[in-house]
Structure formats: structure tokens, C-alpha cells
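Asker: quick one: sequence and predicted model below, then my questions.
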Amino acid sequence: MDDNEINLSVSGNMVESLCGVKCDLALSGEEAVELVKSRLSTVEPPYDIIFMDNMMPQTDGIETAKQLRKLGGCSAVPIIVHTGDSASEFESEFKSGLFNDFLAKPIEKEPLLLILKKWLSLGEGFNEIASDSSQVLFIFAHKAPVILDEMEKCLEAGDIKGFTIRVHGIKSSLAVIGAAALSKSAFELELLGKNMQGENCRREFPNFKAQVEKLILELPIKQKNKRTQTILPDKDFYERLEKIEKMHKDFDIEGYTRETRLLSEQSYREEINEKINHLLVLVETFDYRGICEFLATHLPSNAL
């Protein structure tokens, strides 16, 4: 669980690549609780392990963990706090058993391996990580501008806490894609926010934003899809969309991601192609609410 799509993508990819298991992904504490409740209706315990970010805009990791522990079948599931903060900040949560272990951000192979070997019975047959760096860059390029806009609005509204939460997230994302200098700048902004130095945040943010925007323009992002030359009818698009909707309702993340990528390789009239590009961004960034809204708006019954 992580409110930052880039961190979520990288972490999920690493765990799946190393263990050969399927990961369920949640962008908020609320989504995580709903996923666990859904799983508890068919299997107990619901998961073998849960990785949880702490610093999030709405329900934070500590509160989410408390809600999960109250669910009967989740009381003994290892919950690993995955954060850029120091482990010492969660001393009471470790002592009480709310959290079982700590994994620092940005995620790295060796510490992750140690955690997985410690808490799961997987033997020595781990795979090498095959992270799709082009996907990570694609996600960053599409989501970073949204985060920057949210940071700017927080400053305008005087919401320094909200600003700090978002700069905390983009700090890790910058580290993941190798932008160490900008990640350090984000860390400095985060410290200003934690110390409630609003004026200093407002003074330093414009330059930080400009530097991130410049980085986005320079990212070596490959073309995500090469469409076929044959123009397909709208009916084909809506039939495929109905299939994606069913997979989405069944929480088949792997299935609807695969089908959306296949859909993005087909050619339709330009208006439909633009809709597909929008859906592809939502799927690649694990924007669950965004996907729900897209499907509700564009399914055949609502598209007239």
C-alpha cells in the first residue's frame, strides 16, 4: 500500500519478480482495508505479508494497520512499514505488534530479500528482479505534474501538512528513477514543511517545480504503443472495454492491465484513440478511482 503510484509500481514489480507471486496494490488505507475484507470472505489469512506506507494524505499507515488488526483473520499477518522515515519513529508500533518490521525507501533488492526470507517460507529459489524501467519513467512523467500541481495548491491554501506529505512521496519517486540531486532537494523541502516553515516552502518550491518539469522533458521514455494500421470500428472498442470492466470488478489487476495494453495497440478513430491513451495512463499508474470513473463514463450504456 502506497499513495505514490511510482513507488507502488516498483515495489509490486520487485516482489512479484523475486517471489513469483501476485501482489494486490492499494493507493490508500481505505482501498487496503476493502481489499483485505474482500479477501477475508474467501480465504484466511487474507495475505501472507502486507507492505504499508505510513505518510499519506487521508488515513495514514498506523491508523490503517489498526483497522486491519481488528479484522479477525488479519491479526497475525506480518505488516511491514515501508517508509522514508526512520525506523525509530515507530518504536511503540513495533513493541505493540502493530508493525512487524521496517523496510526503508527507496526500495532496494537486498533489504527486500531479507524481509521476504525472514517472513515468508520461500526457500532460496528467488528470481532476479526484472523491473520495467520504461514503465516507471512513463508513470513518473504522467503523475509527477499532478503531484506538483497538488503541492502548489496546498501552498496556496496554507496546507503545509498536505504539501509535506506530497513532497515526501515525490522525494522517493525521484530517488527511484535515479534523480538523486532532485530527491535531495525534495528532502530539504520536506524538512521545511515538517518544521512548518511555510514561507520558505513557498520561496523554494517554484525552482524545485521548474527543475522537475525540466527533468520530465528530458526523460528517455519509449513510445508505449505502436498501433496497427487497420482502423477498427467503435463496436470493437466497447466490447474490449466491457471485458476490461469485468476484470476490474473482479480485482484482476494483471488481467485488465494486460487487456488495456493490448487495446492500446489497436487503431480506432482519433477520439477513441485519445480515450484509450487516457485509460492506459490510469491503468499504468494504478489509479483505481480514475479507472472506475472512466468505465462509468465510457461504457456503451453511458456513451450515448
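Answerer: Arrived safely, thanks for sending.
Asker: so where's the stretch 151-300 of the chain shaky on pLDDT?
Answerer: For the stretch 151-300 of the chain, the stretches with pLDDT under 70 are 221-226, 284-287.
Asker: how about the helices in it?
Answerer: For the stretch 151-300 of the chain, the helices defined by DSSP state H, counting those that start in this stretch cover 160-176, 180-194, 198-218, 234-249, 253-263, 270-284, 288-298.
Asker: for these, which one sits closest to C23?
Answerer: Closest approach to C23 among the helices of the stretch 151-300 of the chain (CB to CB): helix 253-263, 8.3 Å. Every residue, glycine included, has its C-beta placed from N, CA and C.
Asker: dump the helices of the stretch 151-300 of the chain to CSV, plus mean neighbour count.
Answerer: What follows is the helices of the stretch 151-300 of the chain, written out as CSV (neighbours: other CB atoms under 10 Å):
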stretch, mean neighbour count
helix 160-176, 23
helix 180-194, 18
helix 198-218, 14
helix 234-249, 16
helix 253-263, 17
helix 270-284, 17
helix 288-298, 16
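Asker: can you put those helices in TSV and add distance to V77?
Answerer: Shown next, in TSV, are those (distance: least, CB to CB, whole Å):
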stretch	distance to V77
helix 160-176	24
helix 180-194	30
helix 198-218	36
helix 234-249	25
helix 253-263	20
helix 270-284	27
helix 288-298	21
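Asker: and those: which comes nearest E89?
Answerer: Nearest of the helices of the stretch 151-300 of the chain (CB to CB): helix 180-194, 11.6 Å.
Asker: what packs against the closest one?
Answerer: If you count contacts as 3 or more CB pairs under 8 Å, 6 or more residues apart in numbering; DSSP states H and E, helix 180-194 packs onto helix 160-176, helix 198-218.
Asker: swap the cut-off to 10 Å and go again
Answerer: Under the contact criterion of 3 or more CB pairs under 10 Å, 6 or more residues apart in numbering; DSSP states H and E, helix 180-194 touches helix 133-157, helix 160-176, helix 198-218.
Asker: ok, residues contacting that helix?
Answerer: Outside of helix 180-194, the residues within contact range by CB atoms under 10 Å, 6 or more residues apart in numbering are 55, 84, 106, 151, 154-155, 160-177, 179, 197-205, 207-208, 211-212, 214-215.
Asker: run the last query once more with 6 Å
Answerer: 160, 163-164, 167-168, 170-171, 174-175, 200-201, 204, 208, 211 (CB atoms under 6 Å, 6 or more residues apart in numbering).
Asker: just the C-alpha atoms of that helix, please, in CSV.
Answerer: Taking Å, rounded to 0.1, in the frame of the first residue of the first chain, the C-alpha atoms of helix 180-194 are listed here in CSV:
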residue,chain,number,x,y,z
ALA,A,180,19.5,11.9,-6.7
ALA,A,181,20.1,15.7,-6.7
LEU,A,182,16.4,16.5,-7.0
SER,A,183,15.5,13.8,-4.4
LYS,A,184,17.8,15.7,-2.1
SER,A,185,16.1,19.0,-2.9
ALA,A,186,12.8,17.3,-2.1
PHE,A,187,14.2,16.1,1.2
GLU,A,188,15.1,19.7,2.1
LEU,A,189,11.6,20.9,1.2
GLU,A,190,10.2,18.1,3.3
LEU,A,191,12.2,19.3,6.3
LEU,A,192,10.9,22.8,5.8
GLY,A,193,7.4,21.5,5.7
LYS,A,194,7.8,19.4,8.8
